[in-house]
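>>> Sharing a sequence plus its predicted fold:
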Amino acid sequence: MNPITARPASDVAAPEQVTARRPRVAYLTWAVPVVVAAALGVYEIGVPQLWRDEFASWSAAGRTLPQLWAMVHNIDAVLGVYYFGLHLWMAVFGDSATAMRLPSVFAMAAAAGVVALIGRRLAGGAAGLASGLTFAVIPSVSRYAQEARPYAFAMFFAALATLMFLRAMERPHWSRWGIYALVLACAGVANLVTVCVAAAHLLILLWDFLQRTVRVGGDGTPETGRALPGGRLAPQGSPLLLLWRFLVSVVVGAILISPLVLAGHSQQGWQIGQQASPHVAQLIGVSGGLWQELFASTPVAVVVMLLAVAGLVAAPDARHRVMAGYALAFAIAPVVAVWIISRGPTSYWTFRYMLFSVVGWSIGAGLCVSFIAERVNRTRLAPLRGRLSPRFAAAAILVLAVGLIGIHDQLAIRQNEAHNLWAYPELPSNGQPVDYQAAAAIIAANERPGDRIAYQTSDSNHYQVDTSIAYYLGDKTPQPVFQAYSQVQNNDLQPVECKDTAACITGTPRIWVVFVDHLAPDPFSALSWNGEALLQMLGYQTQQMWQENGITVALLTV
């Protein structure tokens, strides 16, 4: 008998089993981070009460389509696409905190999957799994997965634009650059500042243009690029060609979002007009708390950032060191770009706008974890490969350690008033908690027929006190006094006060006044000057005051 035909059946089937096993492993590389991010996103998603920005989302998305269209011509045009999408979502699933936040959970879970795909593209399956899982367990990721604002979508499209950029680097066909331009525009629609992710892409192109090491993937064959010193690979096409097509793609993406840019520029005073121009100390993290705010955890920020930087040292060869450098470019270059732009007449220096930079830090940390795991794979644990991959096991243990470090902060960001602490773990004056729900409950328990209500609406109504009471009380909300037009009637997020305050208050024996503590010392000064003077002249006095966390409810009677 021919010895070839005499081999055991198991020997013949082994390659088929290996081939069948590889697609499942590749699938798990991104599927596991998606599941983990989604699970953390839905965990106690409805516990933190809405905060002022989420109330603005509810106010805008809860209007009719014509009303919403009229509003975005006056304010928040840059958030118009998100508002329209949330409007359609609320029409089907309702306006509970959980319902309004679920789209962000889906977007953030998808972002975790894309981060894993980027890591896998740069350094293999273990790097992809570690990158995606690191991203998923960062506290700020689940914090903004539970936010009825478009930050999760900005992170998703920033990650997807990076993935499309890497694909275009590998095969610089116009079709791939066209997809990149479209995704980059989508990132700008989610948040205009997110287009600064292109700064990282430009830095990588310039870096590779100088080093002639543009190629990301490939195996050194003529079809996929020729090998260069250090194991890096040359591109398909010249570096100049890549740079030219990249610039054209960015210009196309900018043209696609130019209407939002123009509208946003004319409306920027309400939304970002109060941001101060950042100093160098804020950029490097000496003051302002930028880096820990990006991670919503000081220890996690330290560990992940150190891992990302350590990837340059832990890399096994020159090519992987370049990949670790790419990850740092994704993390740092966009933040530097925002800082430079914010030194101009308008500052965009708000950490929430730069959350997408966490994608780069996660990839860098994931690459470092995979490099360390690969070294473990070559130790005495190597004989275990038949039963368990030491490389994947070591990567999982290291990522688990990152997750355990952030448990305290994961719990803290799920407290009742946690979303009001928008700069957590920093506590600036405008990051104080405000218990809107408790204020509404007081009015509901003590209201009488004929009562009217007045709100503190200074500070351009950023605190959305009137919106919060309307959200929790619904049809039982007392009729506003001193208000000529509501937010909806004004096609804005700010109501319009009566010009004749005396006529507005006629026949009102009891008035509720709701105000944020640190913006007003008492119920009279919380009102406009006209309202304050009129109430005092008519003899209104404070019958009772309830002070909740960060907010006060006062009952005035005559």
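Everything's here; your move. From a predicted model like this one, the values you see are computed outputs, not experimental measurements.
>>> okay, now residue 375: neighbour count?
Applying other Cβ atoms under 10 Å, we find 12 residues neighbouring residue 375. (Each C-beta comes from the backbone N, C-alpha and C, glycine too.)
>>> Same check on residue 507?
Neighbourhood size, residue 507 [other Cβ under 10 Å]: 6.
>>> Quick check, pLDDT for it.
At residue 507 the predicted local distance difference test score is 81.
>>> now do the one 10 residues further on
Per-residue confidence at residue 517 stands at 86 (pLDDT).
>>> how far away is it from residue 147?
For residue 517, the distance to residue 147 equals 24 Å [Cβ to Cβ, to the nearest Å].
>>> just the helices in the stretch 201-350 of the chain please.
Secondary structure of the stretch 201-350 of the chain (DSSP state H, counting those that start in this stretch): helices at 239-272, 280-284, 290-295, 298-314, 318-342.
>>> now, of the ones you listed, which is deepest in the fold?
helix 290-295 (a mean of 24; mean count of other Cβ atoms under 10 Å).
>>> So between residue 517 and residue 147, which is more surrounded?
Using other Cβ under 10 Å as the criterion, residue 517 and residue 147 rank with residue 147 on top: 25 against 16.
>>> just checking, that one is part of a helix?
No - under DSSP: H, G, I helix; E, B strand; the rest coil, residue 147 falls outside any helix and is assigned coil.
>>> Give me the nearest residue to it, chain neighbours excluded.
Counting by Cβ to Cβ, 6 or more residues apart in numbering, residue 147 lies nearest to residue 104, which is 5.5 Å off, once chain neighbours are set aside.
>>> still on that earlier bit, of all the helices of the stretch 201-350 of the chain, which lies closest to residue 60?
helix 239-272 (12.5 Å; Cβ to Cβ).
>>> Quick check: mean pLDDT of that closest one?
83.
>>> one step back: now the residue nearest to residue 147: which helix or strand?
helix 97-123 (DSSP states H and E).
>>> Any idea how far that helix is from the middle of the chain?
10 Å (Cα atoms, centre = their mean, to the nearest Å).
>>> Could you tell me the angle between that helix and helix 318-342?
Going by axes from the mean of the first three to the mean of the last three Cα atoms, to 10 degrees, helix 97-123 is angled at 130 degrees with respect to helix 318-342.
>>> Determine the set of other helices and strands touching helix 97-123.
helix 9-42, helix 52-61, helix 80-93, helix 125-137, helix 139-145, helix 151-170, helix 318-342, helix 358-377 (3 or more Cβ pairs under 8 Å, 6 or more residues apart in numbering; DSSP states H and E).
>>> For the helices of the stretch 201-350 of the chain, could you give me JSON lines that also reports distance to residue 88?
Below are those laid out as JSON lines (distance: least, Cβ to Cβ, whole Å):
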{"stretch": "helix 239-272", "distance to residue 88": "19"}
{"stretch": "helix 280-284", "distance to residue 88": "38"}
{"stretch": "helix 290-295", "distance to residue 88": "31"}
{"stretch": "helix 298-314", "distance to residue 88": "35"}
{"stretch": "helix 318-342", "distance to residue 88": "30"}
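>>> So which of the ones you listed is nearest residue 78?
Closest approach to residue 78 among the helices of the stretch 201-350 of the chain (Cβ to Cβ): helix 239-272, 4.1 Å.
>>> before we move on, back to that, and the gap between the residue nearest to residue 147 and residue 136?
Separation of residue 104 from residue 136 (Cβ to Cβ) stands at 14 Å.
>>> need the strands for the stretch 451-558 of the chain, in chain order.
452-455, 479-480, 483-485, 496-497, 510-516, 541-548, 551-557 (DSSP state E, counting those that start in this stretch).
>>> With residue 302 as the reference, name the closest of those strands.
Using Cβ to Cβ, the strands of the stretch 451-558 of the chain put strand 510-516 closest to residue 302, at 33.5 Å.
>>> so what strands line up beside the closest one?
Strand pairing for strand 510-516, using DSSP bridges, gives strand 452-455 (parallel), strand 551-557 (antiparallel).
>>> CA atoms only for that strand - export them in CSV, please.
Presented in CSV, the C-alpha positions along strand 510-516 are these (Å, rounded to 0.1, in the frame of the first residue of the first chain):
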residue,chain,number,x,y,z
ARG,A,510,-48.6,81.3,44.1
ILE,A,511,-45.4,81.2,42.0
TRP,A,512,-42.8,78.4,42.0
VAL,A,513,-39.2,79.5,41.3
VAL,A,514,-36.6,76.9,40.3
PHE,A,515,-33.0,77.9,40.0
VAL,A,516,-29.5,76.5,40.1
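>>> tell me the angle of that strand relative to helix 52-61?
Using the same axes, to 10 degrees, strand 510-516 lies at 120 degrees relative to helix 52-61.
>>> residues making contact with strand 510-516?
434, 439, 443, 447-448, 450-456, 463, 465-466, 469, 478, 481, 505, 523, 526-527, 535, 540, 550-557 (Cβ atoms under 8 Å, 6 or more residues apart in numbering).
>>> Return the residues in contact with residue 41.
Contacts of residue 41 (Cβ under 8 Å, 6+ apart): 104, 105, 108, 109, 142, 145, 146.
>>> so what pLDDT did it get?
For residue 41, the model assigns a pLDDT of 96.
>>> Please apply the same query to residue 278.
Turning to residue 278, the model gives it a pLDDT of 87.
>>> Would you list the phi and psi of it?
The phi/psi pair for residue 278 (degrees, to the nearest 10) reads phi -80, psi 150.
>>> what's it in contact with, if anything?
288, 339, 342, 343, 347, 349.
>>> can you rerun that using 7 Å?
339, 342, 347, 349 (Cβ atoms under 7 Å, 6 or more residues apart in numbering).
>>> Now tabulate the residues you listed in CSV and tack on pLDDT and distance to residue 89.
Compiled in CSV, the contacts of residue 278 are given as follows (pLDDT from 0 to 100; distance: Cβ to Cβ, whole Å):
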residue, pLDDT, distance to residue 89
339, 94, 34
342, 90, 32
347, 85, 32
349, 88, 31
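>>> Of the residues you listed, which is the nearest to residue 323?
Nearest to residue 323, judged by Cβ to Cβ, of the contacts of residue 278 is residue 339 at 25.3 Å.
>>> Excluding chain neighbours, what is closest to the closest one?
Ranked by Cβ to Cβ, 6+ apart and with sequence neighbours excluded, the top spatial neighbour of residue 339 is residue 283, at 4.9 Å.
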